[in-house]
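Novice: pasting the structure only:
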């Protein structure tokens, strides 16, 4: 299954609620991902340009998009960026395919 990293920034209201004791619920996200046939691998809060990030394996890109849309519908985030991740074997395969197509284009 493809792996995706999602990063987000919370809305100021959500950060204010967290500062007053509201707790973000990664189990809610894990249940949503499982309901779509995926697996949540990690869920972290951080500082820098984003307030949090999660990595999940999802059946495909469309299903991952559904999970992002569902998470956004909760209304706590203002910015979300999702990136598909590739392991070393996938990069090797892509490199071989690129080399093959370049050879075909030269010939």
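Specialist: It's in. Note that the structure is a prediction, hence the values are computed from the model and not measured.

Novice: Give me the distance between the longest helix along the chain and the centre of its chain.
Specialist: The single longest helix within the chain, with elements called by DSSP state H, is helix 88-106. Computed by CA atoms, centre = their mean, to the nearest Å, the chain-centroid distance of helix 88-106 equals 26 Å.

Novice: just stretch 14-23 next, same as before
Specialist: That offset, for stretch 14-23, works out to 23 Å (CA atoms, centre = their mean).

Novice: Going along the chain, name the strands of the chain.
Specialist: Using DSSP state E, the strands of the chain run over 3-10, 39-45, 52-57, 77-85.

Novice: Next, format those strands as a markdown table and append mean pLDDT, distance to residue 104 and mean neighbour count.
Specialist: Every C-beta, even on glycine, is put in place using the N, C-alpha and C of the backbone. Conversion of those to a markdown table gives the following (pLDDT from 0 to 100; distance: least, CB to CB, whole Å; neighbours: other CB atoms under 10 Å):
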| stretch | mean pLDDT | distance to residue 104 | mean neighbour count |
| --- | --- | --- | --- |
| strand 3-10 | 97 | 29 | 19 |
| strand 39-45 | 97 | 37 | 14 |
| strand 52-57 | 97 | 33 | 19 |
| strand 77-85 | 94 | 26 | 14 |
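
Novice: I'd like these laid out as CSV, including distance to residue 29.
Specialist: Formatted as CSV, the strands of the chain follow (distance: least, CB to CB, whole Å):
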stretch, distance to residue 29
strand 3-10, 9
strand 39-45, 6
strand 52-57, 6
strand 77-85, 11
